[in-house]
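Asks: For reference, the sequence and a predicted model appear below.
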Amino acid sequence: MASEAPLISRLADEISRNAGILTEYLESHGLPQPSFDVDAPSHPIPETDDRLSAARRALIEATQSLHDLAVGPAETTRLFCFPEIYLLGAVQVLCHFNVPQNVPRTGDIGIPELAAKTGLSETLLARFLRMAATSHYFVEPRPGFVAHTAWSVALATDEKMRQCVWFRHAEMMPAVAKLVEAVRSYPDSHEPQRAAFAVAFGGDTFWDYKEKHPEHMVRFGQFVDAFASGHVVDSPQNIARAYPWERLEEGSLVVDVGGGLGHISVAVAKEHPNLMFQVQDFEDLAGESAELVERNGLAGRVSFAPHDFFGEQPARGAKVYLLRNILHNWSDRYCRRILKPLVEAMGPDSRIVVCDIVLPPPNTMPKTQEARIRALDLTMLSMFNAKERSLEEWQALFASVDGRLKIENVIGRPKMRMDCLIEVRLA
Ligand SMILES: C[S@@+](CC[C@H](N)C(=O)[O-])C[C@H]1O[C@@H](n2cnc3c(N)ncnc32)[C@H](O)[C@@H]1O
């Protein structure tokens, strides 16, 4: 019997097979092939077809494994995150000095001219640019000249993309640097003021710090928006389509608890004209929320109510209490304080719909996908002393609030991308 081919050959075959599926699809649909060129599409492989998405995921997984095997364990550990932390630093410095916006979309620009426009010295600019270019952010098409790639042009044209880099650099990296101190000093703490973020930022919780620095709140909001409007997590439109909103009768009230400006309510309201929405969040978001609602022609159907979700719930007997990306920001102790007032307000046919990750058992999905979910879990730990939860942890949390709370339905893949919609009712 022929012995199995070596792992790196099998991975190379898998890469070849899946690359074939993708190129053939793009060719046969007259779509451009992925490329680093400035005019290349920012998300070249459509997500519309399950076979295509599966081929893309398999390609990402196999290329990562093949890369890791080729580098080998010793070199991987010696170089642990080594270029990447400086890639983050370099791209953030370039964004801070408005370098992406000062590189022409077509053609190139000399480094001295770019330095003069941005206020960075020529030598520093060249050093940061050359680091960034190793990961396809900018290219040096001829010595001393810089041009855009499809990667860097997004930084030039989309402020929200720049905030993705900013958030990792300005808030996430300092918190990660304090993880050991936080975990040693406050093991298993439930308190956001004991999280690594607070250790890094003078004792302020994530939200206290935002209140003191409103410009950080604006940037964080743009980061969240960019993160949610791409193909990584679920967009508001996705949530509008994945949940069976059409089952709710005419005029039913949906309460969007901690709904921010109300992006989710607006998206659902647009697709489901029979429903009414109340967005609850801090009072200082009221004006901006009203503008969003007005812009979308939804005044009268989507309203804003200032409300602290730890207090008594004013909207009694709503059909749905929606909590999107709320509970994963809080430890169980605080989640119980958020959920209890909802249970007290629920009527017999009310539902709580939680939109958050349901952690998969280990090794049940491709490692590159699982890594993102595990990283989000540790983000919740670092920022808030909170967590993403497995199905068992969700069940235990609801049971600890009220023995009658039962998970009725979990809507996950393929309707949802990363989060799930967990529907909970009173049994
Ligand atoms: C991660 S954001 C999620 C926003 C929205 N649900 C979404 O999915 O876009 C968390 C939200 O909780 C709000 N929040 C935090 N503490 C709150 C509290 N005590 N009462 C009401 N809202 C709160 C924040 O202002 C923020 O809008």
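Replies: Happy to help now that I have it. Numbering: from 1, shown residues only.
Asks: Would you indicate which residues of the helix or strand of the chain with the lowest mean pLDDT are buried?
Replies: Lowest mean confidence among the helices and strands of the chain (mean pLDDT, DSSP states H and E): helix 214-229, at a mean of 86. Buried residues in helix 214-229, counted by 16 or more other C-beta atoms under 10 Å: 216, 217, 219, 220, 221, 222, 223, 224, 225, 226, 228. No exception for glycine: its C-beta is placed from N, CA and C like everyone else's.
Asks: Also stretch 412-427?
Replies: Buried, per 16+ other C-beta under 10 Å, within stretch 412-427: 412, 416, 417, 418, 419, 420, 421, 422, 423, 424, 425, 426.
Asks: Over to stretch 288-299?
Replies: Under 16+ other C-beta under 10 Å, the buried positions of stretch 288-299 are 289, 290, 292, 293, 296, 298.
Asks: Now do the same contact list for the fourth one.
Replies: What it means is residue 293. Neighbouring residues of residue 293 by C-beta atoms under 8 Å, 6 or more residues apart in numbering: 262, 266, 299, 302, 303, 304.
Asks: which phi and psi does the nearest residue to the last one once chain neighbours are set aside have?
Replies: Using C-beta to C-beta, 6 or more residues apart in numbering and skipping residues adjacent in sequence, the residue nearest residue 304 is residue 289, 4.3 Å away. Recorded main-chain torsions at residue 289 are phi -60, psi -40, according to degrees, to the nearest 10.
Asks: What of residue 10?
Replies: Given degrees, to the nearest 10, the pair of backbone angles that residue 10 has is phi -70, psi -40.
Asks: In three-state terms, label the closest residue to it other than its chain neighbours for me.
Replies: Leaving aside its sequence neighbours, residue 10 sits nearest to residue 4 (C-beta to C-beta, 6+ apart; 7.5 Å). Here residue 4 is recorded as coil under DSSP: H, G, I helix; E, B strand; the rest coil.
Asks: Wait, residue 4 touches residue 13, no?
Replies: No - at 11.7 Å, residue 4 does not count as touching residue 13 under the criterion of C-beta atoms under 8 Å.
Asks: More neighbours: which of those two?
Replies: residue 13 (12 against 8; other C-beta atoms under 10 Å).
Asks: contacting residues around residue 272?
Replies: 240, 245, 246, 248.
Asks: In CSV, list those along with neighbour count.
Replies: CSV is the format used below for the contacts of residue 272 (neighbours: other C-beta atoms under 10 Å):
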residue, neighbour count
240, 18
245, 20
246, 9
248, 19
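Asks: What's the separation between the residue nearest to residue 10 and residue 367?
Replies: 21 Å (C-beta to C-beta, to the nearest Å).
Asks: beta partners for residue 276?
Replies: residue 253 (DSSP bridges).
Asks: what about it, distance to residue 286?
Replies: 18 Å.
Asks: Neighbour count for the two, which is higher?
Replies: The neighbour count for residue 276 versus residue 286, taken as other C-beta under 10 Å, is higher for residue 276 (19 against 16).
Asks: How about the contacts made by that one?
Replies: 251, 252, 253, 254, 301, 302.
Asks: ditto for residue 12
Replies: Contacts for residue 12 (C-beta under 8 Å, 6+ apart) come out as residue 66.
Asks: near the ligand, which residues of the protein?
Replies: Neighbours of the ligand within the chain, by C-beta under 6 Å from any ligand atom: 207, 258-260, 263-264, 281-282, 308-310, 324-326, 329.
Asks: coming back round to it: out of the contacts of residue 272, which is nearest to residue 232?
Replies: residue 240 (18.0 Å; C-beta to C-beta).
Asks: residues contacting that closest one?
Replies: By C-beta under 8 Å, 6+ apart, the residues touching residue 240 are 264, 267, 268, 270, 271, 272.
Asks: Residue 131 versus that one, what's the distance?
Replies: 41 Å.
Asks: cool, and residue 81?
Replies: Taking C-beta to C-beta, one finds residue 81 at 14 Å from residue 131.
Asks: And these two? Which one has more around it.
Replies: residue 131 (20 against 9).
Asks: Name the nearest residue to the more buried one, ignoring sequence neighbours.
Replies: Nearest to residue 131 is residue 90, by C-beta to C-beta, 6+ apart, at 4.0 Å.
Asks: Need the three-state assignment for the one you found.
Replies: Of the three states, residue 90 takes helix according to three-state DSSP.
Asks: Is it in contact with residue 133, as I believe?
Replies: No - using C-beta under 8 Å, residue 90 makes no contact with residue 133, being 9.4 Å away.
Asks: Can you identify each of the strands in the chain by residue range?
Replies: Under the criterion DSSP state E, the chain carries strands at the ranges 109-110, 145-146, 253-257, 276-281, 302-306, 320-324, 351-356, 358-359, 389-390, 405-411, 420-426.
Asks: Adding distance to residue 181 and mean pLDDT as columns, could you present those strands in JSON lines?
Replies: Shown next, in JSON lines, are the strands of the chain (distance: least, C-beta to C-beta, whole Å; pLDDT from 0 to 100):
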{"stretch": "strand 109-110", "distance to residue 181": "43", "mean pLDDT": "98"}
{"stretch": "strand 145-146", "distance to residue 181": "40", "mean pLDDT": "98"}
{"stretch": "strand 253-257", "distance to residue 181": "33", "mean pLDDT": "98"}
{"stretch": "strand 276-281", "distance to residue 181": "32", "mean pLDDT": "97"}
{"stretch": "strand 302-306", "distance to residue 181": "36", "mean pLDDT": "97"}
{"stretch": "strand 320-324", "distance to residue 181": "31", "mean pLDDT": "98"}
{"stretch": "strand 351-356", "distance to residue 181": "28", "mean pLDDT": "98"}
{"stretch": "strand 358-359", "distance to residue 181": "26", "mean pLDDT": "96"}
{"stretch": "strand 389-390", "distance to residue 181": "25", "mean pLDDT": "98"}
{"stretch": "strand 405-411", "distance to residue 181": "37", "mean pLDDT": "97"}
{"stretch": "strand 420-426", "distance to residue 181": "33", "mean pLDDT": "97"}
